[in-house]
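[1] A structural model of the following input is requested.
(one chain, ligands or ions: 1)
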Amino acid sequence: MPQPTPTARADEIAKFDALAARWWDPSGPMAPLHRMNPLRTEWIGRRLAAAEGRPGANLAGLSVLDIGCGAGLASEALARMGAQVTGLDAAAAALEAARAHAAAEGLSIDYREGMPEDLAAEGRHFDAVVALEVIEHVADRPAFLAALAGLVKPGGLVFLSTLNRTPRSFLLAKVGAEYILRLLPRGTHDWKMFVTPAELGAEARRAGLRVTDIAGMSPVQGGRDWRESRDVSVNYLAALRRD
Ligand SMILES: C[S@@+](CC[C@H](N)C(=O)[O-])C[C@H]1O[C@@H](n2cnc3c(N)ncnc32)[C@H](O)[C@@H]1O
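    Down below sits the predicted model:
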């Protein structure tokens with residue numbers, strides 16, 4: 001019987017493993033993720049808490065799966081909001097950095113090596129699933145979305161952040177960030193793998209997920225900080241509900 005294509009690309013995973021040692025350096029190669037992390041995790045925390053009938057961003061006791069967690073920037077922020085976080089990544093060295101950092105911070109996070117389809121095969125369900133800056137790196141987007149849908153409880157929320165495929169994102173996120181400003185190592189992104197909100201919405205529907213909310217993420221103060229905006233032409237966040 002033919003085996004399904006794994007959702008992780010070996011070349012992509014190797015790229016992230018190579019950055020593991022500098023992942024938590026706020027001015028290192030992951031600086032843009034550090035700077036956008038407060039915005040995206042607060043956006044998620046508020047929506048998830050509201051969906052569960054809680055005030056503010058209180059996630060106490062909720063199980064959250066962070067897929068493609070890397071060294072744990074979002075996992076740690078969500079754990080600080082009270083969530084019981086499982087961090088999943090195919091990059092072993094990034095996970096080692098995640099485990100070491102969480103231990104130093106006194107945070108209890110269950111870090112696991114693998115791909116979402118591995119966990120889905122175990123029949124696990126979480127109150128919410130997040131995959132931030134991951135979907136533009138996967139080998140098979142429909143299979144990835146199907147695995148995410150299978151991992152969240154019925155009626156539960158999936159949160160994604162990613163890059164739109166527009167001329168503006170080519171100029172800013174690819175040429176500008178990698179070649180002119182050198183905010184990211186060259187080759188971090190393949191613009192052709194970026195996904196428009198319309199494509200994401202249609203593919204998500206086929207996986208049993210419906211987009212409920214979408215917002216732009218825009219850099220301010222020369223990229224030192226990020227704000228929520230209506231401009232989804234480059235970076236955007238999406239919340240999706242499982243049918
Ligand atoms: C750009 S990093 C984002 C890290 C983290 N989510 C953040 O935003 O701080 C992408 C991560 O996704 C992981 N990844 C890509 N495809 C994956 C897959 N199919 N399964 C598990 N991890 C994957 C990579 O190893 C890498 O750590």
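[2] closest point of the protein to the ligand, which residue?
    Gly68 (2.8 Å; CB to the nearest ligand atom). (Glycine included, C-beta is placed from N, CA and C.)
[3] quick one: the residue nearest the centre of the chain and Gln84, what's the gap?
    By CA atoms, centre = their mean, the chain has its centre lying nearest to Leu132, at 1.1 Å. For Leu132, the distance to Gln84 (CB to CB, to the nearest Å) stands at 18 Å.
[4] What residues does the chain have near the ligand?
    Counting by CB under 6 Å from any ligand atom, the chain comes close to the ligand at 7-8, 12-13, 16, 33, 67-70, 73-74, 89-91, 94, 115-116, 132-134, 137-138.
[5] So which of these sit within strands?
    If you go by DSSP state E, the residues of the chain next to the ligand have 67, 89, 132 in strands.
[6] Leaving out chain neighbours, which residue sits closest to the last one?
    It stands for Leu132. Take Leu132 and drop its neighbours on the chain: the residue closest to it by CB to CB, 6 or more residues apart in numbering is Ser161, 4.5 Å away.
[7] And the first one, by the same measure?
    Sequence neighbours aside, Ala131 is the residue nearest to Ile67 in space, at 4.2 Å (criterion: CB to CB, 6+ apart).
[8] what about that neighbour, how many neighbours?
    26 (other CB atoms under 10 Å).
[9] That one pairs with what?
    Leu160 (DSSP bridges).
[10] Wait, it touches Leu151, no?
    No - counting by CB atoms under 8 Å, Ala131 does not reach Leu151; the two are 10.0 Å apart.
[11] what touches both of those two?
    Taking CB atoms under 8 Å, 6 or more residues apart in numbering as the contact criterion, the common neighbours of Ala131 and Leu151 are 67, 116.
[12] Check the secondary structure at Ser218 for me.
    strand (DSSP: H, G, I helix; E, B strand; the rest coil).
[13] That one: neighbour count?
    Look at Ser218: counted by other CB under 10 Å, it has 20 neighbours.
[14] Next one: it from Leu48, what distance?
    22 Å.
[15] Could you measure from His125 over to Asp66?
    Taking CB to CB as the measure, His125 falls 15 Å from Asp66.
[16] If you could redo that for Arg46, that was the one I meant.
    Here Arg46 is placed at a distance of 17 Å from Asp66 (CB to CB).
[17] and these two? which has more neighbours close in?
    More crowded of Arg46 and Asp66, by other CB under 10 Å: Asp66, with 33 against 16.
[18] Isn't the more buried one up against Gln84?
    No - if you go by CB under 8 Å, Asp66 and Gln84 don't touch, sitting 11.2 Å apart.
[19] Phi, psi for Ala149 please.
    For Ala149, the backbone dihedrals (degrees, to the nearest 10) come out as phi -60, psi -40.
[20] Next, the contact list for Arg9, please.
    137-139.
[21] How far away from the center of its chain is stretch 62-80?
    How far stretch 62-80 lies from its chain's middle: 9 Å, per CA atoms, centre = their mean, to the nearest Å.
[22] What of stretch 79-99?
    Offset of stretch 79-99 from its chain centre (CA atoms, centre = their mean): 12 Å.
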